[in-house]
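Chemist: Starting from these lines, generate the structure:
(chains A and B)
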Amino acid sequence: GENVEQHPSTLSVQEGDSAVIKCTYSDSASNYFPWYKQELGKGPQLIIDIRSNVGEKKDQRIAVTLNKTAKHFSLHITETQPEDSAVYFCAAPNRPGGYQKVTFGTGTKLQVIP
Amino acid sequence: GAGVSQSPSNKVTEKGKDVELRCDPISGHTALYWYRQSLGQGLEFLIYFQGNSAPDKSGLPSDRFSAERTGGSVSTLTIQRTQQEDSAVYLCASSTSTLAGADNEQFFGPGTRLTVL
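Modeler: Below you'll find the predicted structure:
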């Protein structure tokens, strides 16, 4: 099965600075990599995802990059704001193709200091 | 539209009691997942239902845990003879098609916080 490692486990940044969270995966056949944001007391929510046919995807202040050769992908948040404070999880499918069962990383607690 | 709902939001029980946790997925979603999240930890996969296929129970930690999904919609996670180590937030998620290239987003409910005294 898929093994996903996520770093760092905690991250503190000043408001306005950038934050980067990195994940590695083990199954070279994996082709879908979502990122979820979990606010306190709520369930995780998808914020961005990337498929293996592209190397980068952006959505306003967030972006995800994918390096299939190295089997790692990263979440980039620019111009961080206090409302970005949350726990972020990366994930990768357990099997190739359209299977929806994913393995989640261990999470990164991001704190944006005003 | 309505999202994934879970009930109860909080459950406190005594060690050795059985508990049932309920999940109402988004209408039309064929896939349903249960996860366990211990305090400050990641998401531990428990079980996965897809349409009429046999569920993937590979994540259930012991035979005290079971789940069913009736009519392809509502799901119930049952924990028998609860132990203190079962204390956690239990999250349910649902999703749409399994076709390759389809949107694989999982929509999560708010979770049920279980405390075993």
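Chemist: in a helix, that's where A:I47 is, yeah?
Modeler: No: counting by DSSP: H, G, I helix; E, B strand; the rest coil, one finds A:I47 to be strand, located in no helix.
Chemist: how much space is there between it and B:Y90?
Modeler: The gap separating A:I47 from B:Y90 is 23 Å, by CB to CB, to the nearest Å. To be clear about C-beta, it is placed using only N, CA and C from the backbone, and glycine gets the same treatment.
Chemist: And those two? Which one has more around it.
Modeler: Ranked by neighbour count (other CB atoms under 10 Å in any protein chain shown), A:I47 and B:Y90 place B:Y90 first, with 23 against 18.
Chemist: my guess is that one meets B:Y35, correct?
Modeler: Yes: if you go by CB atoms under 8 Å, B:Y90 and B:Y35 touch, sitting 7.3 Å apart.
Chemist: got a list of what the residue nearest the centre of chain B touches?
Modeler: The centroid of chain B falls nearest to B:W34 when counting by CA atoms, centre = their mean (2.7 Å). Counting by CB atoms under 8 Å, 6 or more residues apart in numbering or on different chains, B:W34 touches B:C23, B:L46, B:I47, B:Y48, B:A67, B:S75, B:L77, B:Y90, B:L91, B:C92.
Chemist: Now, those residues that are in strands?
Modeler: Counting by DSSP state E, the part of the contacts of B:W34 found in strands is B:C23, B:L46, B:I47, B:Y48, B:A67, B:S75, B:L77, B:Y90, B:L91, B:C92.
Chemist: which residues does the fifth one form a beta bridge with?
Modeler: Listed beta-bridge partners, B:A67: B:L77 (assigned using DSSP bridges).
Chemist: helices and strands around the helix or strand of chain A with the lowest mean pLDDT, which ones?
Modeler: Here the helix or strand of chain A ranked lowest by mean pLDDT, DSSP states H and E is strand A:102-104, holding a mean of 86. Here strand A:102-104 touches strand A:86-93, going by 3 or more CB pairs under 8 Å, 6 or more residues apart in numbering or on different chains; DSSP states H and E.
Chemist: same thing but 10 Å
Modeler: The contact analysis (3 or more CB pairs under 10 Å, 6 or more residues apart in numbering or on different chains; DSSP states H and E) places strand A:102-104 against strand A:4-7, strand A:32-38, strand A:86-93, strand B:31-37, strand B:44-50.
Chemist: so what sits against both of B:Y90 and B:Y35?
Modeler: Common neighbours of B:Y90 and B:Y35 are listed as B:E44, B:L46, B:G111 (criterion: CB atoms under 10 Å, 6 or more residues apart in numbering or on different chains).
Chemist: The second one contacts B:Y35, correct?
Modeler: It refers to B:L46. Yes: B:L46 lies in contact with B:Y35 (CB atoms under 10 Å); the separation is 6.1 Å.
Chemist: Which of the two has more residues huddled nearby?
Modeler: B:Y35 (24 against 21).
Chemist: Distance check, the more buried one against A:F104.
Modeler: Taking CB to CB, one finds B:Y35 at 8 Å from A:F104.
Chemist: And B:T13, by the same measure?
Modeler: Applying CB to CB to B:T13 and A:F104 gives a distance of 27 Å.
Chemist: Looking at the two, which is more packed in?
Modeler: A:F104 (23 against 16).
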